[in-house]
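Participant: Pasting a predicted model and its sequence here:
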Amino acid sequence: MEVLFLGTGNAVNMSGRGQQSLLVERRVLVDFGPTALFNLVRFHGGAEDIDHLVLTHFHGDHIAGIPFLLLWLRDVARRTEPFTIWGGSGVDLRIGALMEATYPDIPLGFPLEFRVLRPRESISLADTGCTVAAFAMDHKPESLGYRITAGGRTLAVSGDTAPGPHLEALLEGVDMGVIEGTLTEPLPGVPHLDRASIAALASVVAPTPLAVIHTDDATKAILAVAIPGLLFPGDGETLTL
Ligand SMILES: [Zn+2]
């Protein structure tokens, strides 16, 4: 399985990293932050063969690139086939509102479909060879983590989340986990992972490799010293599992 990291940074581009986006098996996008189309064009050449986008939650650093992706599909790819956006409850309303706020006057010319995923639901994206299973995360009410399986290999992606047993359930038995590394120390009321919670998680799921994104270089330096063995892919990097 091939995972191209299109954006490995936090919401505010610290350390010059793009906001969160991954491309799995060259066919399935996970999250699409404001910088994602820029990096998709740079590192993958565009979105020609991509039919599916899966969203972890509806914060802007995970969805705000979608209007530009849809414009690219319309104007560059001259797309006529459906494009499907999968996400938690409200995905149609939230992404519909985003399009309404940005390009209400531009018909897409291809069917844009929305599909709600519920925790514990598993779907097969037959045309991509991937299956996607949703797990409830702890960040926003709609937050989901995903297991994506293709060719006998399974990737887990947490999206943004506070620590807890839900993460251990998501990561149990997978071939690689992609987790967030937003904080060094916990902040009250801020539902993100930090050094101590990532260290505890890494020891529970060992030897499963963990790739840390949604981070910055200063946080990365602290996490790398405290927790040996973590992976820190950069924008444009591909990991194969
Ligand atoms: Zn985020």
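Facilitator: On my side now, so go ahead. Numbering: from 1, shown residues only.
Participant: excluding its backbone neighbours, what's nearest Asp216?
Facilitator: Leaving aside its sequence neighbours, Asp216 sits nearest to Met14 (CB to CB, 6 or more residues apart in numbering; 3.6 Å). In short, each C-beta sits where N, CA and C put it, glycine included.
Participant: and the one you found, backbone torsions?
Facilitator: Recorded main-chain torsions at Met14 are phi -60, psi 140, according to degrees, to the nearest 10.
Participant: Against Thr56, how distant is it?
Facilitator: Look at Met14 and Thr56: by CB to CB, to the nearest Å, they are 19 Å apart.
Participant: go on, Leu108?
Facilitator: 23 Å.
Participant: Which one of these two is surrounded by more residues?
Facilitator: Thr56 (27 against 14; other CB atoms under 10 Å).
Participant: I'd guessed that one sits against Ile148; true?
Facilitator: No: with contacts counted by CB atoms under 8 Å, Thr56 stays clear of Ile148, the gap being 12.0 Å.
Participant: Between those two, which contacts overlap?
Facilitator: Applying CB atoms under 8 Å, 6 or more residues apart in numbering, one finds that Thr56 and Ile148 are jointly contacted by Val30, Val157.
Participant: so what's the residue located most distally from the centre of the chain up against?
Facilitator: Largest separation from the mean C-alpha position in the chain: Asp105, at 28.5 Å (CA atoms, centre = their mean). If a contact means CB under 8 Å, 6+ apart, then Asp105 has no contacts.
Participant: Give me the three-state assignment for it.
Facilitator: coil (DSSP: H, G, I helix; E, B strand; the rest coil).
Participant: and it, what pLDDT?
Facilitator: Asp105 is assigned 91 on the pLDDT scale.
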